[in-house]
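Visitor: Quick one: sequence and predicted model below, then my questions.
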Amino acid sequence: MIQRIQTVYLALVLIFSFVGLISTIGEWTVADAVVAHFSNFTFGAEGAFKELDSTSGPWCLGVLLIMVMFLSLMSIMLFRKRMRQLRLTILSTILLVGYVAAYAVFAYYYHLNLETLCGEGAEAFLPIFHLKFISVFPVLSIIFNCLAIQGIRKDEALVRSLDRIR
């Protein structure tokens, strides 16, 4: 049914993914000045770091979040087909874990490139990476997906127990 608790969890995953998709998820500062920002589709550098602007960028992060949004919406609509809903939610969770791993890899890669541009003798001017609050949303989405999986399994167990011949 559409009013089940797993629907609420899946809707929260959908909302968190959308908000995370349109927001900046990290930034680098040098001496309290923002020198680069990081979003799901772009990496932008400012000032002396302008040569790091990337046209290829971390677009795969945005694609992963769009896929998670699509799977969450499909899972909400498949409330009568619990096993298919369960599989889609598990796939969504796997994609979110991949998103978190890709996020860490891209952040590390860009951080190394920014450090290289700063030079070896400028320890006082090394870039510092700051996570945005929005970057916690994929982890919360993983938790809500796990709670939705638990709710779907409970519903399936209840339906199977009622189908048994007594």
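Guide: Cool, the structure landed.
Visitor: so where do the strands sit in the chain?
Guide: Secondary structure of the chain (DSSP state E): strands at 24-30, 33-39, 43-45, 128-131.
Visitor: Show me what residue 43 bridges to in the sheet.
Guide: Listed beta-bridge partners, residue 43: residue 38, residue 54 (assigned using DSSP bridges).
Visitor: rewinding a little: adding distance to residue 152, mean pLDDT and mean neighbour count, write the strands of the chain out as CSV.
Guide: Any C-beta I mention is one placed from the backbone N, CA and C, and that applies to glycine too. What follows is those, written out as CSV (distance: least, C-beta to C-beta, whole Å; pLDDT from 0 to 100; neighbours: other C-beta atoms under 10 Å):
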stretch, distance to residue 152, mean pLDDT, mean neighbour count
strand 24-30, 29, 82, 19
strand 33-39, 32, 79, 20
strand 43-45, 37, 74, 21
strand 128-131, 31, 81, 14
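Visitor: So in the protein, which helix runs the longest?
Guide: Using DSSP state H, we find that the single longest helix of the chain is helix 82-118.
Visitor: Tell me how far that helix lies from the chain's centre.
Guide: Relative to its parent chain, helix 82-118 has a centroid offset of 6 Å by C-alpha atoms, centre = their mean, to the nearest Å.
Visitor: how big is the angle separating it from strand 24-30?
Guide: The directions of helix 82-118 and strand 24-30 differ by 20 degrees, with axes from the mean of the first three to the mean of the last three C-alpha atoms, to 10 degrees as the criterion.
Visitor: any idea which residue sits dead centre in the protein?
Guide: Nearest residue to the geometric centre of the chain (C-alpha atoms, centre = their mean): residue 138, 3.6 Å.
Visitor: Thought residue 16 was touching that residue, still the case?
Guide: Yes - counting by C-beta atoms under 8 Å, residue 138 touches residue 16, with 7.5 Å between them.
Visitor: Next, format the strands of the chain as CSV and append distance to residue 72.
Guide: Output for those, formatted as CSV (distance: least, C-beta to C-beta, whole Å):
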stretch, distance to residue 72
strand 24-30, 19
strand 33-39, 21
strand 43-45, 26
strand 128-131, 23
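Visitor: Figure out which of those strands is closest to residue 95.
Guide: Among the strands of the chain, the nearest to residue 95 by C-beta to C-beta is strand 24-30 (16.3 Å).
Visitor: Centre of the chain to the closest one, how far?
Guide: With C-alpha atoms, centre = their mean, you get 17 Å for strand 24-30.
Visitor: State the paired neighbours of that strand in the sheet, together with their directions.
Guide: Partner strands and pairing direction for strand 24-30 (DSSP bridges) are strand 33-39 (antiparallel), strand 128-131 (antiparallel).
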